[in-house]
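Asker: make a model of this:
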Amino acid sequence: MDILEEREHVQKTQRLRQGAATGFMAFLAWGFWQGPGSLFQWHPLLMAFAYMGLMAEGVSLGRRLQSCRGVVERQAQLEKHVTLMTLCAIVVVIGILVAMKSKQNKGKPHLTSWHSYAGLAAVLTLFLQGLIGAFMHLPNLRFPLPKQHLRTAHIFVSVAASTTGTIAMLLGFNTAYASTHLSYTSRLAVGIAVIGLQVNAFLDT
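Answerer: Predicted coordinates for the structure are as follows:
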């Protein structure tokens, strides 16, 4: 496969992944916004946008860094990767705050389900991933480990962040709130899509 064919393949895969993510997020918006509005309705939509959209594309860009041809292309790819993953972290934090505020308004306790535990693990691994990435690429930060070890740790924690985030979303689709807005078949389809998008992003090299 020559360079042009490789780029066309990457772009086609990217368009398919983005199209699938957009379609499923639109479907979730339609499902969760039926009936009376509430603050909590934003939580599943924000988390879906973070993991199905921003994280999938950010991971894909990160995976393709090693195949960049030249320093300029690699730097541009790295900047896009950092931007998407930073936006992902911001959207995740907003999504968590929305859920916490909604529970607080209703007088409900926090961290009472497997969904919330998985969500907490997802947030912690996401920020650990970003911290390791910062030590790898910011010139003013130094860490007493070779860069190759940091790269390995970054990949490992990235997989952990993606996996825990996906598990949290799957557990979220099994809650009473989700079941009142989406049918079992719909939740199963979206759950498979979440897994597929994350796997596709990690395999997109």
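
Asker: okay, the residue nearest to residue 126 when sequence neighbours are not counted and residue 88: tell me how far apart.
Answerer: The shortest distance from residue 126 to any non-neighbouring residue, by Cβ to Cβ, 6 or more residues apart in numbering, is to residue 161 (4.5 Å). Glycine gets a C-beta too; all of them are placed from N, C-alpha and C. In this structure, residue 161 lies at 9 Å from residue 88, with Cβ to Cβ, to the nearest Å as the measure.

Asker: which neighbours do the two share?
Answerer: Here residue 161 and residue 88 share the contacting residues 55, 126, scored by Cβ atoms under 8 Å, 6 or more residues apart in numbering.

Asker: which of the three states applies to residue 100?
Answerer: helix (DSSP: H, G, I helix; E, B strand; the rest coil).

Asker: what's near enough to touch it?
Answerer: residue 110.

Asker: again with residue 48
Answerer: Counting by Cβ under 8 Å, 6+ apart, residue 48 touches 24-25, 28, 169, 194.

Asker: ok, back up a step: what sits against the residue nearest to residue 126?
Answerer: By Cβ under 8 Å, 6+ apart, the contact list for residue 161 reads 55, 122, 125-126, 128-129.

Asker: and residue 187, by the same measure?
Answerer: Counting by Cβ under 8 Å, 6+ apart, residue 187 has contacts 173-174, 178-179.

Asker: pull out the buried residues from the one helix or strand it maps to.
Answerer: Using DSSP states H and E, residue 187 falls within helix 184-203. For helix 184-203, a neighbour-count test (16 or more other Cβ atoms under 10 Å) marks 186-187, 190-191, 193-195, 197-198, 200-202 as buried.

Asker: the most centrally placed residue in the chain: what's its closest spatial neighbour, skipping adjacent residues?
Answerer: Nearest to the mean C-alpha position of the chain, counting by Cα atoms, centre = their mean, stands residue 51 at 2.4 Å. Spatial nearest neighbour of residue 51, chain neighbours left out: residue 165 (4.9 Å); criterion: Cβ to Cβ, 6+ apart.

Asker: pLDDT wise, what is that neighbour at?
Answerer: Turning to residue 165, the model gives it a pLDDT of 91.

Asker: next, the angle from the helix or strand harbouring it to helix 184-203.
Answerer: Assigned by DSSP H and E, residue 165 belongs to helix 147-172. Calculated by axes from the mean of the first three to the mean of the last three Cα atoms, to 10 degrees, helix 147-172 forms an angle of 170 degrees with helix 184-203.

Asker: before we move on, back to that, which residues are in contact with the residue nearest to the centre of the chain?
Answerer: The contact partners of residue 51, taken as Cβ under 8 Å, 6+ apart, are 88, 162, 165-166, 169, 194, 198.

Asker: hmm, try it at 7 Å
Answerer: The contact partners of residue 51, by Cβ atoms under 7 Å, 6 or more residues apart in numbering, come to 165-166, 169, 194.

Asker: continuing past the helix or strand bottoming out on mean pLDDT in the chain, what's the next helix or strand?
Answerer: The helix or strand with the lowest mean pLDDT-type score in the chain, counting by mean pLDDT, DSSP states H and E, is helix 3-32 (a mean of 78). The helix or strand immediately downstream of helix 3-32 is helix 42-48, counting by DSSP H and E.
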